[in-house]
Structure formats: structure tokens, C-alpha cells
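**Q** Kindly generate the corresponding structure for this input.
(one chain, ligands or ions: 4)
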Amino acid sequence: IMSSLSNLLQTGQQELDLYFQPQVECPGNRIVGVECLLRWRHPEFGTISPLCFVPLAEHAGLAYWLDNWVLDTALGHYSNWQASGIRTRMAINISACSLSNPDFADAVDRLLDKHRVPASLIELEITESALIEHHDLATRNVQQLRQKGIGLALDDFGTGFASFARLQSLCFDRLKIDRRFVNGMASRSCNAAIVDATLMLGRLLGQEVVAEGVENLDDLALLERMGCTCMQGWLFYPAMDSASCQALLLKQQ
Ligand code: G
Ligand code: G
Ligand code: MN
Ligand code: NA
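**A** Ligands and ions are numbered 1, 2, ... in the order given. Model prediction:
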């Protein structure tokens with residue numbers, strides 16, 4: 001898998017693809033953002049989730065190339081959407097490793113210029129499942145990205161290495177509550193307590209909170225009662241291809 005991944009990044013890349021999942025504002029269900037999700041359609045192994053191959057890419061030192069491909073491709077799609085009048089925020093997942101690359105913020109800047117996409121419409125999602133190393137380099141990149149007006153979201157909040165100290169020093173705009181807490185929370189009081197506490201933390205820190213993996217009406221009702229206003233999940237929309245997502249966003253305008 002590793003050698004075909006490294007080939008993929010050097011050559012064709014036709015096997016990699018991006019899908020897009022809307023995020024909605026509640027109540028009202030207006031689409032306020034779109035998260036870009038990577039898929040690898042392997043000729044032998046079928047569709048492989050980034051959960052499998054992103055960690056491998058990180059180990060092999062390929063995370064930076066992968067993120068570059070994702071950013072370039074996602075912004076290419078966004079540039080098309082923008083030409084049709086769309087101004088909905090796009091969230092792009094990047095590997096925490098890339099934050100420690102001294103060139104990362106400049107590279108993002110170059111790609112925004114290349115595709116003529118304003119920084120303010122883009123948010124980067126960084127998962128806390130990877131430990132952010134070289135904290136000084138990461139902080140410098142984050143400061144530079146923020147100066148340009150790019151949003152930053154902490155993905156999979158509550159599942160990994162993020163400490164409260166890091167939360168404070170990296171100044172995220174948004175916390176995304178992992179679906180393992182959200183999904184089924186209405187019937188699991190422990191999960192409900194974690195979600196409730198995260199929403200309160202977001203309010204106190206001035207960070208918007210997105211609940212991921214909302215699949216049923218009971219969880220939705222409880223989230224609304226807890227004051228959650230931004231959600232993502234199959235109850236609203238699945239991930240879809242670029243053309244379908246563009247059509248959906250245009251219909252809403
Ligand atoms: O879509 P799916 O459930 O397979 O995604 C699994 C995980 O992979 C999620 O946590 C998601 O944030 C992450 N992910 C999805 N797309 C990308 C991507 O383009 N780059 C990185 N680094 N992670 C991604
Ligand atoms: O962490 P990342 O964690 O960013 O989460 C996105 C992943 O979750 C994608 O792989 C997407 O396909 C998946 N996903 C999106 N909505 C739902 C949902 O409602 N339920 C479940 N189980 N997975 C979802
Ligand atoms: Mn994500
Ligand atoms: Na997540």
C-alpha cells in the first residue's frame with residue numbers, strides 16, 4: 001500500500017478523489033460549510049478510508065505531499081464553485097504533521113493565489129489524533145495562517161492528544177466533536193455529558209462547536225436543547241461529489 005501511495009502522489013493521482021459533506025446551521029438546516037473528504041479508490045483493495053492510509057503516509061514522510069495534493073485539488077473545485085457565485089466556507093482536513101513543516105503556511109498561501117480563493121472562505125481541520133510536534137514551528141505556521149484570515153478547526157475533539165494548554169495556545173476558531181460522542185448520545189448519558197461540556201467550553205472560549213455524525217432525530221433534539229447550532233451528519237447530508245455539492249449549494253442561494 002505504501003509504495004502505491006507514494007507512486008500515486010508522484011504520478012497520476014486518478015485513484016484519489018475528494019467528496020464533500022455539508023455542515024448545517026440549526027435550526028433552519030441552512031448549509032454554512034462543506035467539509036472535504038479524501039477517498040482512495042484502489043484498483044485491487046477497493047475504496048480505502050483516510051483513517052487507514054493517512055497515518056501510513058505520515059509515517060512515510062508523505063503527509064506533506066498528500067496535504068498539498070488535497071489542498072490543490074480542493075481549491076481547484078472551490079474555484080469552480082466560486083465562479084458560479086458560491087461563497088460557502090470550505091473545510092479542508094490536513095495532517096497535523098504538515099503544521100510542523102516550516103514551508104506549510106507559505107504553501108497554503110501560494111495555492112490560494114493560484115486558485116484565486118480568498119483565505120477567509122477556507123478553514124483547515126487539524127485532527128488531534130496526531131501529536132503536534134515542533135510546537136514552535138506549528139505556532140508560527142498557525143499565526144501566519146490566521147493573519148491571512150484562514151479559519152482553524154480542531155477535529156475529533158476529545159479523542160486524542162489535544163490538551164487544554166494546546167487548545168489555548170493554538171487559538172482554534174472551531175471545535176468539532178467527534179462522532180463517537182455524538183452518535184447515540186440521546187441514549188448514553190455519559191456521551192451526552194461530554195458533548196454538553198464541550199459545548200460549554202466552546203462558548204466560554206468563544207469557539208464555535210460542530211457536532212459530527214448526527215444520524216438521528218433524538219440526538220438532534222438533545223443537541224438543540226444543549227444549544228448546539230452547527231451540525232454535520234447523515235441525518236442532513238452524506239458526502240457527495242463536487243458537482244452534486246455545487247448544485248446543492250446553488251439551489252440554496
Ligand atoms: O471520511 P472518513 O470517515 O473516511 O474519514 C476518516 C477520517 O479521515 C476523518 O477523521 C477525516 O477527518 C480524515 N480525513 C478525511 N479526508 C482527509 C484528508 O483529505 N486529509 C487528511 N489528513 N485527513 C482526512
Ligand atoms: O473525522 P472526520 O472525522 O473529519 O469525519 C468525517 C467522516 O465521518 C467521514 O468519513 C464521513 O464519511 C463520516 N461521516 C459523516 N457523517 C456521518 C454520520 O452521520 N455517521 C457516520 N457514522 N459517519 C459519518
Ligand atoms: Mn474532519
Ligand atoms: Na472528526
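**Q** Please work out which residues outside stretch 49-68 touch it.
**A** Stretch 49-68 has contacts (Cβ atoms under 8 Å, 6 or more residues apart in numbering) with 1-2, 5-6, 9, 37-40, 93-95, 97-98, 101, 104, 107, 111, 130. Every C-beta, even on glycine, is put in place using the N, C-alpha and C of the backbone.
**Q** Could you work out the end-to-end span of it for me?
**A** With Cα to Cα, to the nearest Å as the measure, stretch 49-68 spans 18 Å from end to end.
**Q** can you check stretch 174-186 too?
**A** 23 Å.
**Q** ok, of the contacts of stretch 49-68, which come out buried?
**A** Neighbour-count burial (16 or more other Cβ atoms under 10 Å) applied to those gives 5-6, 9, 37-38, 40, 93-95, 97-98, 101, 104, 107, 111, 130.
**Q** taking the contacts of stretch 49-68 one by one, which sit in helices?
**A** Counting by DSSP state H, the part of the contacts of stretch 49-68 found in helices is M2, L5, S6, L9, C97, S98, F104, A107, L111.
**Q** By pLDDT, give me the weakest of the residues you listed.
**A** Least confident of those in the model: L9, at 66.
**Q** any chance you could map the helices in the stretch 151-253 of the chain?
**A** Here the stretch 151-253 of the chain has its helices, by DSSP state H, counting those that start in this stretch, at 164-170, 179-182, 189-205, 217-225, 242-252.
**Q** Of those helices, which stretch is the most buried?
**A** Across the helices of the stretch 151-253 of the chain, averaging neighbours per residue (mean count of other Cβ atoms under 10 Å) puts helix 179-182 on top, at a mean of 22.
**Q** Need the three-state assignment for the residue lying closest to C245 once chain neighbours are set aside.
**A** Counting by Cβ to Cβ, 6 or more residues apart in numbering, C245 lies nearest to F20, which is 4.0 Å off, once chain neighbours are set aside. Secondary structure assignment for F20 (DSSP: H, G, I helix; E, B strand; the rest coil): strand.
**Q** separation between F20 and V182?
**A** According to Cβ to Cβ, to the nearest Å, F20 and V182 sit 20 Å apart.
**Q** quick one: low-confidence parts of the chain?
**A** For the chain, residues meeting the criterion pLDDT under 70 lie at 1, 8-13, 128-133, 161-167.
**Q** So which bits of it are right by ligand 1?
**A** Selection of the chain residues close to ligand 1 by Cβ under 6 Å from any ligand atom yields 37-38, 49-51, 54, 70, 93-95, 127, 155-156.
**Q** Save these as TSV, and put in distance to ligand 4 too.
**A** Output for the residues of the chain next to ligand 1, formatted as TSV (distance: Cβ to the ion, whole Å):
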residue	distance to ligand 4
L37	10
L38	13
S49	12
P50	11
L51	10
V54	12
V70	16
N93	9
I94	13
S95	14
T127	7
D155	5
D156	4
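**Q** Tell me the residues of the stretch 51-200 of the chain that contact ligand 3?
**A** Within the stretch 51-200 of the chain, the residues that sit near ligand 3 (Cβ under 5 Å from the ion) are N93, E125, D155.
**Q** wait, which of those residues is closest to ligand 1?
**A** N93 (3.5 Å; Cβ to the nearest ligand atom).
**Q** on that earlier part again, would you format the residues of the stretch 51-200 of the chain next to ligand 3 as CSV with distance to L222 included?
**A** Converted to CSV, those look like this (distance: Cβ to Cβ, whole Å):
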residue, distance to L222
N93, 27
E125, 24
D155, 22
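**Q** Take the residues you listed and keep only those in strands.
**A** Judged by DSSP state E, strands contain the following of those: N93, E125, D155.
**Q** Quick one: neighbours of the second one, just the number.
**A** In other words, E125. By other Cβ atoms under 10 Å, the residues close to E125 number 20.
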